[in-house]
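In: below is the sequence, then the predicted model.
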Amino acid sequence: MTRTEIAAGGSAVERLLVHASLAAPTADERAETAELAKNVTDWAEFFALAALNATVPLVQRRLEAEGLYDLVPDAVRADFAAVTKRIGAVNDRRLAGALELLRRFDERGVRCVVLKGMLFSTEIYHDPRYKRMNDLDILIELDQVETAIEIYRELGLFATSELLGKAPKVRAERSHHLPSFVSRDGALVVGTHWGLITPLTPYTIDYAAIWDRVRRIDFYGVPAWAMAHEDNLHHLGVHLPYYKTGVRELGDIWNLARYATDLDYDLLASEIATAGTENLMYHALSLAHRLVPNPAFADLVDRVQPKINRFTRYDTARKTADIHALLRSRSTHTSRIEKAYTEFNMTALAHEKRVTFGRLWSDLLLVPAAEAERMSSLRKPTALSALGARVAAPYRLTRVFQRDLGRWLFPAALAKTVVDLGAAYGVELVQRAGVRAIAARPGIDEFAAQLGLTRADLQAVLDSQE
């Protein structure tokens, strides 16, 4: 007899993974966690599923807290420990840099709102190592951006746009954030936002209302700010990557809702209606509710359903139909494309551009079978369904990038890669022909040297982002 409906229909491994991701389980959930752990026969499969869902440290901590970690075989515990130790070391360095930065913001009178994982690590999980932190995401007011850049310079951080020869600047009509700022040792990566989503999308977030609701917090001993719980939940739904939907991402949604017992769902529904983000929230809350049922999520999904487009309704139903497929559908393939695009723009040399151009377009058009199957939520696909998933993958990826970047910016960016590659080879031909003198064009090594870094340093920064 099961005591909970969490991950209903899943195997012991699948249900244990979701139970172990609860930040504050009830007595019944703890008892169910213990019973499930005793029924696991393949701990290597459990670790592999935790790794795929990028939730190894959180799961390990829960098993330890419940006195269940001794059930895990030594070899698998070694796998857990290696991942948890690596993530902990990186996160400790991120946090140390974040605390110094937030102190500077507070001293200069900048209201700095800590977003997502870094915030939840202190308020919900009480553990700065609960998951891999790609960066410190912050929200500041638009008129404070120049002050923020001054502080970054004082701390020796550089903007990733400088790898492209471009100084960081505010483009409020085109973007909602600055390029990432990175410390020279790569320990701290800062995402500076004045908005929560690009203005090129059709969504209209009420930022004045968000700023009216911000609250003071103690961030590991440093004064900072946080959004209201309703705005944090809205942000998680709006910002949820369409195919990177593992326990790492969805867990923050259900754990925030369980933690914020005073969360006003009527206010959240009003903000969703104002912003026009019904499709985004329907998708996010439906996936979270399928794994960890929440009556408030179900009610909100029902309230927004009349405004959900056909694709979102169909695709969400497909994703939530099978627990096995849902827990194995997390894909980071879009990040590979984004990294290839960044590297393409980091160099002016034709041969370097050609390599990254090929990788970018190959990742977009020739998606690996395993990634395509995750995007299509396939379980034991036939040859025909696997082929269909690969054929559909470029369309799926294009929809996602257009959703995140705006309808026209993504195709424009792709067209620009063709133009830039042609221009790079044109310059090279002119140089070889000796028609006119052209200054030597920098490659990745030269861009890195201008910032006092090596190519390996830059690659490490890129690799630190998922």
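Out: Cool, got the structure. Numbers count the residues shown, from 1 in each chain.
In: which ones are touching the closest residue to V40 other than its chain neighbours?
Out: Counting by C-beta to C-beta, 6 or more residues apart in numbering, V40 lies nearest to A12, which is 5.2 Å off, once chain neighbours are set aside. Any C-beta I mention is one placed from the backbone N, CA and C, and that applies to glycine too. The contact partners of A12, by C-beta atoms under 8 Å, 6 or more residues apart in numbering, come to 36, 39-41.
In: check T356 too.
Out: Contacts of T356 by C-beta under 8 Å, 6+ apart are 340-341, 343-344, 347.
In: repeat the analysis, applying 7 Å as the threshold.
Out: 340, 343-344 (C-beta atoms under 7 Å, 6 or more residues apart in numbering).
In: now those: which count as buried?
Out: Those of those that meet the buried threshold are 340, 343-344, by 16 or more other C-beta atoms under 10 Å.
In: and the gap between L200 and S335?
Out: L200 sits 20 Å away from S335, going by C-beta to C-beta, to the nearest Å.
In: ramachandran angles for R216?
Out: The phi/psi pair for R216 (degrees, to the nearest 10) reads phi -70, psi 140.
In: same question but for V190, I mixed them up
Out: Dihedral angles for V190 - degrees, to the nearest 10 - are phi -120, psi 130.
In: got it, and V182?
Out: phi -130, psi 140.
In: ok so, going back, least confident pick among the buried ones among the contacts of T356?
Out: Least confident of the buried ones among the contacts of T356 in the model: E343, at 86.
In: ok, now which ones touch that one?
Out: T356.
In: picking up where we left off before, so what's the predicted local confidence for the residue nearest to V40?
Out: pLDDT, A12: 97.
In: same question for P368.
Out: 95.
In: the nearest residue to it once chain neighbours are set aside: neighbouring residues, count only.
Out: Excluding the flanking residues, the one nearest P368 by C-beta to C-beta, 6+ apart is H333, at 7.7 Å. For H333, the neighbour count with other C-beta atoms under 10 Å is 22.
In: quick check: H333 touching E371?
Out: Yes. Counting by C-beta atoms under 7 Å, H333 does reach E371; the two are 4.4 Å apart.
In: that older thread, quick one: which two of the contacts of A12 are the most distant?
Out: Using C-beta to C-beta, the pair of the contacts of A12 lying farthest apart is L36 and T41, separated by 11.5 Å.
In: could you pull out the helices for the stretch 351-466 of the chain?
Out: With DSSP state H, counting those that start in this stretch as the criterion, the stretch 351-466 of the chain has helices at 369-375, 383-405, 409-433, 444-450, 455-463.
In: which residues does Y314 contact?
Out: Y314 neighbours (C-beta under 7 Å, 6+ apart): none.
In: that one and Y282, how far apart?
Out: 12 Å.
In: go on, G358?
Out: G358 is 37 Å from Y282, by C-beta to C-beta.
In: more crowded one of the two?
Out: Each of G358 and Y282 has its neighbours counted (other C-beta under 10 Å); Y282 has more, 24 against 13.
In: grab the nearest non-local neighbour of the more buried one.
Out: I308 (5.0 Å).
In: these two touch, right, that neighbour and N279?
Out: Yes. Taking contacts as C-beta under 7 Å, I308 lies within contact range of N279: 5.8 Å.
In: what is the neighbour count of A187?
Out: 16.
In: format the helices of the stretch 351-466 of the chain as TSV; extra columns: distance to A224.
Out: Output for the helices of the stretch 351-466 of the chain, formatted as TSV (distance: least, C-beta to C-beta, whole Å):
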stretch	distance to A224
helix 369-375	36
helix 383-405	27
helix 409-433	32
helix 444-450	32
helix 455-463	24
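In: pLDDT weak spots in the stretch 51-200 of the chain?
Out: 163-165 (pLDDT under 70).
In: do a quick rundown of the helices in it.
Out: 56-65, 74-107, 116-123, 145-154.
In: so what touches the shortest one?
Out: Under the criterion C-beta under 7 Å, 6+ apart, residues 98, 127-128, 130-131, 133, 136-137, 219-220, 226, 252, 256 lie in contact with helix 116-123.
In: select from those residues every entry located in strands.
Out: Using DSSP state E, the members of the contacts of helix 116-123 that fall in strands are 136-137, 219, 226.
In: which of these has the most neighbours?
Out: Going by other C-beta under 10 Å, L136 tops those with 26 neighbours.
In: beta partners of it?
Out: V190 (DSSP bridges).
In: and it, what does it touch?
Out: 94, 98, 118, 188, 190 are the contacts of L136 under C-beta under 7 Å, 6+ apart.
In: between those residues, which sits nearest V110?
Out: V190 (12.7 Å).
In: now do stretch 133-145: distance to the chain's middle.
Out: Distance of stretch 133-145 from its chain centroid, counting by C-alpha atoms, centre = their mean, to the nearest Å, is 15 Å.
In: got the end-to-end distance for that stretch?
Out: Start-to-end span of stretch 133-145 (C-alpha to C-alpha, to the nearest Å) is 23 Å.
In: equivalent analysis for stretch 10-28, please.
Out: 18 Å.
In: buried ones in that stretch?
Out: So stretch 10-28, judged by 16+ other C-beta under 10 Å, has buried residues 10-23, 25.
In: show me what contacts the closest residue to L102 other than its chain neighbours?
Out: Nearest residue to L102, sequence neighbours excluded (C-beta to C-beta, 6+ apart): V222, at 4.7 Å. Contacts of V222 were listed using C-beta under 7 Å, 6+ apart, and they are 99, 102-103, 106.
In: need those residues in TSV with neighbour count and distance to D74, can you?
Out: TSV is the format used below for the contacts of V222 (neighbours: other C-beta atoms under 10 Å; distance: C-beta to C-beta, whole Å):
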residue	neighbour count	distance to D74
L99	16	36
L102	23	40
R103	16	43
D106	16	46
